[in-house]
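S.K.: Only the shape, not the letters, is given here:
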């Protein structure tokens, strides 16, 4: 169900002229809606100590205020609550949206090299997050210029929303606001187990 049309949300983000220009305006414009969350530009400050041979470097790393210790300056996959990936070019978009008259379309994922690269990228971030935390699921955001998708990941599959035009639809802002207030188990933290203190 789409939210009623409102004023343009995130207007400074929309004025960006490239992907790198979107990170800071997005962070500044979304923070007031989610004071319990810390948004960190991590595109150049990845997690190299994640136990894998590759660096985890989402564009924006999101941490909840319940984090033990200080908020990391970049990506710390073991404490990450959610990651946000931005893309500027439509050819990078891994998700295909059927036209209004073609909902029988079977293919949902693009097959080009750039589309598959994006899918592998966001999939690797989430797989590493799920492997390094006690979680039942995780959420991420995928933003392509003026649209966003909310993605829910677990070990059995992925649920992806239709594109949300955040210029006229407040669903993205409402999701971030509700997510920030949600209890740990709704955000994906597995509350049935706890870390052993040594």
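M.R.: Received it, and whenever you're ready, just let me know what you need. These figures come from a predicted structure and were not determined experimentally. Residues are numbered from 1 along each chain as shown.
S.K.: Touching, residue 57 and residue 80? I think so.
M.R.: No. Contact criterion C-beta atoms under 8 Å: residue 57 and residue 80 do not qualify, at 11.6 Å. Heads up, the C-betas are built off the backbone N, CA and C, glycines and all.
S.K.: Comparing the two, which shows the higher neighbour count?
M.R.: For the pair residue 57 and residue 80, the greater number of neighbours falls to residue 80 (27 against 19), based on other C-beta atoms under 10 Å.
S.K.: just the helices in the protein please.
M.R.: 11-14, 23-30, 113-132, 171-181, 184-187 (DSSP state H).
S.K.: So for residue 68, which of these sits nearest?
M.R.: Proximity to residue 68 (C-beta to C-beta) singles out helix 184-187 among these, at 12.7 Å.
S.K.: Which residues does the closest one contact?
M.R.: Here helix 184-187 makes contact (C-beta atoms under 8 Å, 6 or more residues apart in numbering) with 64, 66, 81-82, 136, 139, 179, 191.
S.K.: Give me the buried positions along it.
M.R.: residue 187 (16 or more other C-beta atoms under 10 Å).
S.K.: any chance of the helices of the chain in JSON lines, plus mean pLDDT and distance to residue 156?
M.R.: Below are those laid out as JSON lines (pLDDT from 0 to 100; distance: least, C-beta to C-beta, whole Å):
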{"stretch": "helix 11-14", "mean pLDDT": "92", "distance to residue 156": "33"}
{"stretch": "helix 23-30", "mean pLDDT": "97", "distance to residue 156": "29"}
{"stretch": "helix 113-132", "mean pLDDT": "93", "distance to residue 156": "11"}
{"stretch": "helix 171-181", "mean pLDDT": "96", "distance to residue 156": "21"}
{"stretch": "helix 184-187", "mean pLDDT": "96", "distance to residue 156": "17"}
